[in-house]
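Attaching a predicted model along with its sequence, questions to come.
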Amino acid sequence: MLASQAYEGGQKQETGERPTEQVGGKRSHDGRLEAEESDPPSRTLSTSNAILQRFERLDGVSQTFGDLYSRLFYEHVVERELGIADPDEQATVLQIGCGPLPMTAITLAERGYDVVAVDIDPDAVGAARDAISERELTDKIDIVVSDGCTIDTSGFDVIWLAFHVAPRSELVDSTVSSLEPDQTLVYRRPRSWARAIFPSDSPPIPDDVSLETVTQRFGKESVVVCHDPGNCADCDDAADCPASDETPARTDSELVADAESAGPTLDSLQIGERATIRTVPDHDLLPSLGVRPGKDVRLETGQAFNGPLVVTVDERTVALDRTLAGRIRLESTPQGRTEPTPTDGF
Amino acid sequence: MSNDSTDADAERPRVALIGPPNVGKSVLFNALTGLDAGVANYSGTTVEYKRGSARFRDHETTLVDVPGTYSLAATNEAEQLAVDMLEGECDLVICVLDAVNLENSLHLLLEVLEYDIPVVVAINRVDLLEKEGKRLRPNYLASALGLPVVPTIATIGKGFDDLVAATAATLADSSHAGPRQHVAGAGLAEESDGDENPTAGEEPDGVREAETIPPLESRVDDGPSWERAGELCTEVVVEDDEPTAHEPGYLERWSDHLVKPWPGLPVAGLVLVGTFALVVGVGMGIRQYLMIPFFEGLVFPQIESAVQAVTAPGFYRDVLIGDYGFLIKGLEWPFALVLPYVVSFYFALSLLEDSGYLPRLAVLLDGLFERMGLAGSNVVPLLLGYGCAIPGITATRATSNSEKQRLTMMLMITLAVPCVAQTGAFIALLAEATVLLVVAVFVVSFAALGLAGLVLDATLEGTRQPTVADVPPLLMPPVRQTYRKVWMRLKQFVSGGALHMVYAIGFASVLYELGVLEVASQYLEPLVVGWLNLPAEASTPLILGIVRRELTVLPLLEMDLAMGQLFVGAVVGLFYVPCIAVFATVAQEFSLRAAGLVLVMTMAVSFFVGGLFAQLFVVF
C-alpha cells in the first residue's frame, strides 16, 4: 500500500515522545500542547473533544448506537465534502485524527475508497481498530498511531483532517504548503457562532491553490483545498475540481462556459448592490423567473440560518439558494467586496 | 361531476388553460365554467387537472385547468402534464400570460405555439401593469403572432366577454380551416370592437401600429427563444406617455420588508401566533355564542323530548340519546365543537394564501427547514395539514423537490400535525381547564415536528435540490374569494367529514350499548390504565380514533379527568393514528408499505410519548 512508509515514520516518532496522560488533548500535538491549553478557546476544543471521545467509545458497547451516531452526524458531512472534492474511485485517503470511532474513514471506505486513518492516541486507535473489524472494513481501512504534524502526506490523493485536530491552523498550513499537484486537502473548521466557542484560525491560503467551502451543521464548515491550478490539466479530477475554474482544460461544454465566465458571482454582491448577469448555470427554473444573462439583478437580502438570497430581476422578487447563486456569474466586479456572506440583522 | 357528462366530454371540444403559476388561471377557470358548478377533480397519475364545462357562445366545451408551468421543458410533473395535454386531445389552448412578467410568459407562449393547436392569448393582471406606469399594446402582439390577444383583469372579470368571443370565433374557424393563419383577422376584429377592452379604447395609435407592422414571416422558424420573447416584450409593453412618478404604496413596501430577516422573522412569528389566536379565538367565539346556545338551548331539548315520547327507556333510547347517543353527540361533536374551527381555520388560511404571505414565510424559513432536509416551500403542505392531512399530503407533490422530502413531509404530517377537527376537540377538552394546556399540546406538536424532521433527514436516503422560488408581491386578499373559499370548505366538511363522523358516532353508540367496546377495551386496559394512567374507559376512544382522528379526543370530555390526564390524553391523541381516509391517501400516493409504516410509527410514538408524560406526572 502506498502509505506504509508514510505512517511508519510517524509511528516511530510517536512512540518516542508521545505522552498519553492528557485526556483533553488526545489529538493535540507534542510541544505545542501547553501553549494550546493556556489558551481559553482551545480548552473548549479539547473539552468537546474529550466529551465526544467518551461518547464515541460507546460504539464498543453497542454497534447500533455507533451506526446511528455516524448516520446522524457524519454521513452528511462526508457526503457534502465528497460532492466538492469528488476524488476518483481508486483514490487513497489519509485521514488525520480518526478518534475511537473513525466515522469519516468508515463512511469513505463504505464508498469504496482505501483509507489510512491516523490518531495520536493509542487508546483511540485501539478502539477504532475494534470498530472497523466489527464492521468488516479491515481491508479498506488501516488505522495507525501517528502524529499528523509529522506524517508524510505524499502519495495520498486526498488528505482529510478531523474537526478536532490541534493545532489546526499549523496542521492546515503545513499540509497546504506540501500539497502535491493532484492532491486535495479537506479540513473542517468552525463557522459563524461556533467561532466564538472554538479558536478561530484561518491560515492564509497561498495564491496557487484554490479552495471552496461547504457549510455543515452544528456551526461547522468544511474547506476543500486543491493545489496548483496550473497543473490541473494533468489531474484526473480537473473537471470537478474548483481549482481548475481558470483553465479551459475541461471537455464538458457547460463547464467550459463556466470557466470562460470566471468572475464575480451573485453571492458576492452586497445588499442593495446591482449588477448584470453574465452566465447562469443550467437550471430549469432560472430563465423562466427572469434570471438570465444580460438581466440586471439587485441583491435585496440574505436569509438567516444560511437560507436563500433574495434578488430582484425586472421587478420580480426571486429567492435563490446560496450555492446556486455562487454559480451565477456577473459582468463586472461589484464595488466594495468585503463580506461575502450577506445576512442582515441576524 | 356525474358519469354521463364524462361520456359527453369525449365529443365536446377540449380547451386547455395553460399559463405560468399564480397568474389567475383558476379565477378565469371558475368564471368561465360558472362559479364552481360542474368542477370535477380527477387525479391524473400525478398532479391534478381541474376540469369543467364551459360555454363559448354556441360552443359547449370541456375546459381543463392545467397546473401552472413556467416552461414546457417537461422537467417536472406540472410541466409534463402541460406537455401531455398539448400532445393529447386538445382542440384549443387559451394561453394565459402575466402582464407584469410578460417576457417570461411570452417565452411559454412561443413554446406552446410549437404545437399546431389554435391558441387564444389572454394577458391577465393588466391592472398591475398599469399601476407600474406601463401600457400594453395587445394589437401589436396580435399582428406579430397572428393570434387573438385579449387583455383581462381576472379579479374583477374585465375582458372576459372579449375572451369568450375570441375563443368562440377561433373554435368556429378551426373546424374548417388550418390551425393558425386565419386567426389574425379574427383577433384584430375582436380587439377593435371590444368596448370592454381596457387599453384599446384609450389607444388609437395601437391600432395604427398594428396595421403597419407586417406579420413576421420567420415566426415559426425562430422557435421559442428568449431573444424573440425579449423583442416582443419591448414592443408590447411601453412606458406610459405621461410617466407618473411611481410611488411605492405601503403594500409594496411591506412586500419588500417582509422578505428580509428583519423585520420579516419577528413578523413571521407574530403572524403565526396571530393566526393561532385568530383560529382559536374566532372558533371559540362561534362555538360559545352561536353553536352551543343553538344546540343546547333549542335543538337538544326538542330531540330529547321527542325521543322520550316515542321510546321506552332501554337500548334504543340509549343509542339515540344515551352516553354515545348519536342524535346528541352526532350533532354536538361535529357541528358545535368542530365546525367553528373549520370556519376560523380556513378563514385564516385563505387570508395567508391570497395575500401572498406564504411564499415569504417559505423563503424566511428555508434555511431552518434545510436543516431537516426540507425546503421552505414545504411550509405549505404543513399548514394545509393543520386543516386536514389529506390535502397536506397531496400538496407535497407540488411543493417538494424530491421523493425523500415527500416522504418526510407525509410522515411529519401524519405523526404530529393535528387536523382542524382534532384541534377543535383539543380546545373543547383542554380549554375548559386552561388555554395554556392547548398551547402546551401545540408546543409538543412543534417540538415533535422538528425532532421528526431531523431524525428522518438522517435516516432517509435522498438529496435536496437548491431553492429557486418566485416571491409574488403582497396583495389585499379579495373579500369575495376568501368568503367563497371558506364556504366551499364548509360544504366539504359538512358533506364529507361531518357526515362520516355522524355515522361513526352512530356505529359507536350501537357498539357501546351492546357492550362490544367494553370487551375490546379490556385488551387495551393494561396499556391505558397501567402505562398512561388514564381510566379504563379511555381505551374506547383509542378504538374509535381509527375512524376519525378527533374521536380519540372527544370521548375524553365525558370522563372528568385531572389536569395531567387531560394533557396525556391530548398528547396520545395528537400522535395517535390518523383516520382511515388518510391511510387510503398514503397508500395511494405512496404505497401500502408506507401506510403500514405510518400505522406502526404513530402507534409507537403516541403510546411512548404519552406514557412518558404520564409517568413524569406521577413522579412530580
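Arrived safely.

sec struct for the closest residue to residue A:110 other than its chain neighbours, please.
Spatial nearest neighbour of residue A:110, excluding adjacent residues (C-beta to C-beta, 6 or more residues apart in numbering or on different chains): residue A:137 at 7.4 Å. Backbone N, C-alpha and C define where each C-beta goes, glycine included. Following DSSP: H, G, I helix; E, B strand; the rest coil, we place residue A:137 in the coil state.

Model confidence for the residue of the stretch 451-600 of chain B found nearest chain A, exactly?
Closest approach between the stretch 451-600 of chain B and chain A, counting by C-beta to the nearest C-beta: residue B:466, at 3.3 Å. Among the per-residue scores, residue B:466 shows a pLDDT of 79.

Return the residues in contact with the residue lying closest to it once chain neighbours are set aside.
Counting by C-beta to C-beta, 6+ apart, residue B:466 lies nearest to residue A:321, which is 3.3 Å off, once chain neighbours are set aside. Contact analysis of residue A:321 by C-beta atoms under 8 Å, 6 or more residues apart in numbering or on different chains lists A:308-309, B:466-468.

Show the backbone phi and psi for residue A:321.
Dihedral angles of residue A:321 (phi, psi; degrees, to the nearest 10) stand at phi -60, psi 140.

same check, this time on residue B:66
Per degrees, to the nearest 10, the backbone of residue B:66 is at phi -90, psi 140.

Tell me how many other residues crowd it.
24 (other C-beta atoms under 10 Å in any protein chain shown).

wait, it sits on residue B:81?
Yes: the pair residue B:66 / residue B:81 is scored as a contact, 6.0 Å apart, by C-beta atoms under 8 Å.

Common neighbours of the two, please.
In contact with both residue B:66 and residue B:81: residue B:49, using C-beta under 8 Å, 6+ apart.

what sits against the residue in the stretch 351-500 of chain B that chain A sits nearest to?
Per C-beta to the nearest C-beta, residue B:367 is where the stretch 351-500 of chain B lies closest to chain A, at 2.7 Å. Residues near residue B:367 by C-beta under 8 Å, 6+ apart: A:303-308, B:376.

Of the contacts of residue A:321, which belong to strands?
A:309, B:468 (DSSP state E).

Top of the contacts of residue A:321 by number of neighbours, please.
Neighbour max across the contacts of residue A:321 (other C-beta under 10 Å) = residue A:308, 29 neighbours.

quick one: low-confidence ranges for the stretch 401-550 of chain B?
B:401 (pLDDT under 70).

so where do the helices sit in the stretch 251-400 of chain B?
Shown for the stretch 251-400 of chain B, the helices assigned by DSSP state H, counting those that start in this stretch span residues B:261-286, B:292, B:300-310, B:315-321, B:329-331, B:339-355, B:357-370, B:379-385, B:389-399.

The last one close to chain A?
In other words, helix B:389-399. No: judged by C-beta under 8 Å from any C-beta of the partner chain, helix B:389-399 makes no contact with chain A; its nearest approach is 13.6 Å.

Buried residues, that helix. List them.
Using 16 or more other C-beta atoms under 10 Å in any protein chain shown as the test for burial, helix B:389-399 gives B:389-390, B:392-399.

now swap in stretch A:265-273 and tell me
Quick answer for stretch A:265-273 (16+ other C-beta under 10 Å): A:265-269, A:271, A:273.

Now tabulate those residues in JSON lines and tack on secondary structure and pLDDT.
As requested, the buried residues of stretch A:265-273 are exported to JSON lines (DSSP: H, G, I helix; E, B strand; the rest coil; pLDDT from 0 to 100):
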{"residue": "A:265", "secondary structure": "strand", "pLDDT": "83"}
{"residue": "A:266", "secondary structure": "helix", "pLDDT": "84"}
{"residue": "A:267", "secondary structure": "helix", "pLDDT": "82"}
{"residue": "A:268", "secondary structure": "helix", "pLDDT": "83"}
{"residue": "A:269", "secondary structure": "coil", "pLDDT": "83"}
{"residue": "A:271", "secondary structure": "coil", "pLDDT": "85"}
{"residue": "A:273", "secondary structure": "coil", "pLDDT": "85"}
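
Quick check: the two most widely separated of those residues?
A:265 and A:271 (15.3 Å; C-beta to C-beta).

so what's residue A:93 up against?
A:87, A:105, A:108, A:113-116, A:156-160.

and with 6 Å instead?
Applying C-beta atoms under 6 Å, 6 or more residues apart in numbering or on different chains to residue A:93 gives the contacts A:108, A:113, A:115, A:158, A:160.

Just list what the helix or strand encompassing the first one packs against, helices and strands only.
Using DSSP states H and E, residue A:108 maps to helix A:103-110. Using 3 or more C-beta pairs under 6 Å, 6 or more residues apart in numbering or on different chains; DSSP states H and E as the contact criterion, the neighbours of helix A:103-110 among helices and strands are helix A:75-85, strand A:92-96, strand A:114-119.
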